[in-house]
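Colleague: got a structure for you, letters missing:
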């Protein structure tokens, strides 16, 4: 099944894409890769592909909005398992 929504220009296409409660992933197919990158930056999804749809399992994966917050895989996927801690030692201390 394919859903098609007509649009008049890129700005409207991006607005339609962003007018969703979800934002897991998306893709755009275009002969102009630079234009595809511009669109990818403006669409609110966790993963976006240009001229393909593929998941890179070494890259962070996760969605925006109701598709979830947080990332799996990559260094960003480790943040949920880490806690930052600061330790301050007075001047003059030598271990």
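Modeller: Structure's in. What do you need? What you see is a predicted model, and the numbers here were worked out from it, not measured in a lab.

Colleague: wait, is residue 49 part of a helix?
Modeller: No: counting by DSSP: H, G, I helix; E, B strand; the rest coil, residue 49 is not part of a helix but strand.

Colleague: Below-threshold pLDDT in this structure: ranges please.
Modeller: Applying pLDDT under 70 to the chain flags residues 68-74, 76-77, 81, 84-90, 95.

Colleague: any idea how far the closest residue to residue 10 other than its chain neighbours lies from residue 4?
Modeller: Once flanking residues are discounted, residue 10 sits nearest to residue 39: 6.4 Å by C-beta to C-beta, 6 or more residues apart in numbering. Placement of C-beta: from N, CA and C, glycine included. Residue 39 is 17 Å from residue 4, where distance means C-beta to C-beta, to the nearest Å.

Colleague: what about the residue nearest to residue 10, how many neighbours?
Modeller: Other residues within reach of residue 39, judged by other C-beta atoms under 10 Å, total 21.

Colleague: Quick check: phi and psi at it.
Modeller: The phi/psi pair for residue 39 (degrees, to the nearest 10) reads phi -70, psi -40.

Colleague: do the same with residue 3
Modeller: Per degrees, to the nearest 10, the backbone of residue 3 is at phi -100, psi 130.

Colleague: Would you mind measuring from it to residue 17?
Modeller: Counting by C-beta to C-beta, the gap from residue 3 to residue 17 is 12 Å.
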